[in-house]
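Student: quick one, structure for this:
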Amino acid sequence: MTLLVISPDYASHLLPLATLATAWRDAGDPVVVATGPATAGIVAGFGFDRADLVLGRGSNPGVIRAEQQPPGEDAALRGFFAATRHGMVATLRYQAEARRTDLLWKPVDRARAVLDVVHRVQPDHVIVDHLAFSARLALDEAGVPYADVVLGHPSALPVGDEVYGYPPAWPAAFAAPESDLAALHRLCRDVRDAFTAEWNAALRLLAPGAAPSSDAFAEHGDLLMLNYPAALHDPARTALLPPHAFLGSAVRDERAADD
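Tutor: Prediction:
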């Protein structure tokens, strides 16, 4: 039973997905990871095969300096660091602006590349990082079942009246002016609408006649898995989630570095 894991070329995304995949490896089943070249060493370290698939401009094999990023991405990383020095709202604004170009990079071309990998691997099961939007777009429209894994906080999948990128709750110790929060909320709505328009434009090319999305950030796979402990999640919000499973945390064995 071949498992295909689809991940952006970032260690922080790949490691928990690869940890889930060890269940297939330990059962003697083949595992193929579709990701970029930066994390090839991680794939090999788990004993998996790799299919080359680049889903975005940036990459990160684990620990990396800004100047080691591809041209253009170094400036984006420095901009993020600078935003953190101005506080939580500035950081969230920077991240929201970056989503205009980060999360759907060459969506039609990348979606077709994903389907090419699926055609070559012929997997029995597929696990996908929730933030691999172009991959999920491709699988949805091709009718390929997959497990959709939300790796960060469950609010990465907005429910109810939530807006992606605007936290549904704020720590009381980090109060911000209401005007700043209102401006952030407007920005996140604008980004959501622009992102959804881009999603629907790609959808029209990939699957003419398919129903457009009203909020692409709220799209999800049939099998939703949350890399988060259920005990820490607000029960009222849990009730709003689509059918799902809380995985807890993807804990892995890892040898400590010699230093």
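
Student: can you give me the helices for the stretch 151-259 of the chain?
Tutor: Ranges of helices within the stretch 151-259 of the chain are 178-206, 235-238, based on DSSP state H, counting those that start in this stretch.

Student: tell me which of those sits nearest to Gln122.
Tutor: Nearest to Gln122, of all these, is helix 178-206, at 20.5 Å by CB to CB. Every C-beta, even on glycine, is put in place using the N, C-alpha and C of the backbone.

Student: okay, the helices of the stretch 151-259 of the chain, which one's buried deepest?
Tutor: Comparing the helices of the stretch 151-259 of the chain by mean neighbour count (mean count of other CB atoms under 10 Å), helix 178-206 ranks first with a mean of 16.

Student: what packs against it?
Tutor: When contacts are defined as 3 or more CB pairs under 8 Å, 6 or more residues apart in numbering; DSSP states H and E, helix 178-206 sits against helix 88-102, helix 107-121, helix 133-142.

Student: next secondary structure after the shortest one?
Tutor: Right, helix 133-142. For helix 133-142, the following helix or strand on the C-terminal side (DSSP states H and E) is strand 147-150.

Student: can you name every helix or strand that that following strand contacts?
Tutor: Partner elements for strand 147-150 (3+ CB pairs under 8 Å, 6+ apart): helix 11-26, strand 125-129, strand 223-226.

Student: just say which of the ones you listed is most tucked in.
Tutor: Mean neighbour counts for those (mean count of other CB under 10 Å) peak at strand 125-129, with a mean of 23.

Student: in stretch 106-126, what's buried?
Tutor: For stretch 106-126, the neighbour count (16 or more other CB atoms under 10 Å) marks 107-108, 110-111, 113-115, 117-118, 121, 123, 125-126 as buried.

Student: reformat the helices of the stretch 151-259 of the chain as CSV; add mean pLDDT.
Tutor: As requested, those are exported to CSV (pLDDT from 0 to 100):
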stretch, mean pLDDT
helix 178-206, 96
helix 235-238, 96
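
Student: can you put those in TSV and add distance to Leu151?
Tutor: Formatted as TSV, the helices of the stretch 151-259 of the chain follow (distance: least, CB to CB, whole Å):
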stretch	distance to Leu151
helix 178-206	19
helix 235-238	17
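
Student: and the ones you listed: which comes nearest Asp215?
Tutor: For Asp215, the closest of these is helix 178-206, at 5.8 Å, according to CB to CB.
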